[in-house]
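[1] Here is my input, please return the structure:
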Amino acid sequence: MAEIKASVKINSTQEKIWDVISDIDNEPKFWKGTKEVRNISKDGNQVSREITIAFRDQKCMQEVTIVPKETIKAVFTKGVIVGEKTLTLKDAVDDSCELEAIWDVKLSGKMGLFTGIIKKHINSGTKQALQAIKEEVEN
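    Purely as a prediction, here's the structure:
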């Protein structure tokens, strides 16, 4: 498994940041590795969805759990990616909050050999996404 951690300090309220990141249908706007999102079902804070990722336009199934104003955890349940991505919004300090993204993923099957290569892309894309979220919230 490849673990990737990145975080960004955002100069805004927890509520404003949460409003942006909890709109999970808007994920492709910030996460360039996610091309398309299609929700299949929603039950409270649980969402089942299919996403199309930039890696060869592969489709992956996710089970997303939203803990309001705290975390968004997407577990990859089917497709080329195995594992999870968790976004955590840390408590406000000095009129700012920290947004952290942690990936613990690998590519499935024979594609697992390319996990190291894809890790670089996920790391870069995560930093870019966090910066894009920061800019959206702060502007």
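[2] Okay, Leu113 and Lys106: tell me how far apart.
    Remark: distance between Leu113 and Lys106 (Cβ to Cβ, to the nearest Å) = 10 Å. All C-beta atoms are positioned from the backbone trio N, CA, C, and that covers glycine.
[3] same deal with Lys85?
    Counting by Cβ to Cβ, the separation of Lys85 from Lys106 is 13 Å.
[4] of those two, who's got more company?
    Lys85 (22 against 18; other Cβ atoms under 10 Å).
[5] I'd say Lys73 and Gly83 touch.
    No: look at Lys73 against Gly83 with Cβ atoms under 8 Å: they stay out of range, at 11.1 Å.
[6] which one is Thr13 nearest to, not counting chain neighbours?
    Ala92 (6.8 Å; Cβ to Cβ, 6 or more residues apart in numbering).
[7] next one: phi and psi at the one you found?
    Dihedral pair for Ala92: phi -70, psi 140, per degrees, to the nearest 10.
[8] Surely it and Glu15 touch.
    No: counting by Cβ under 8 Å, Ala92 stays clear of Glu15, with 9.5 Å between them.
[9] the more surrounded of these two?
    More crowded of Ala92 and Glu15, by other Cβ under 10 Å: Ala92, with 15 against 10.
[10] Which per-residue confidence value corresponds to the more buried one?
    On pLDDT, Ala92 comes in at 72.
[11] which parts of stretch 38-48 are buried?
    Val47 (16 or more other Cβ atoms under 10 Å).
[12] mind listing the helices for this structure?
    If DSSP state H is used as the criterion, the helices of the chain fall at 14-21, 27-30, 115-138.
[13] Pull the first one out as CSV, backbone CA atoms only.
    Spelled out, that is helix 14-21. Provided in CSV are the C-alpha atoms of helix 14-21 (Å, rounded to 0.1, in the frame of the first residue of the first chain):
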residue,chain,number,x,y,z
GLN,A,14,-14.4,25.7,9.7
GLU,A,15,-17.9,26.1,8.4
LYS,A,16,-16.8,27.8,5.1
ILE,A,17,-14.2,25.1,4.5
TRP,A,18,-16.6,22.3,5.3
ASP,A,19,-19.2,23.8,2.8
VAL,A,20,-16.6,23.4,0.0
ILE,A,21,-15.2,20.0,0.8
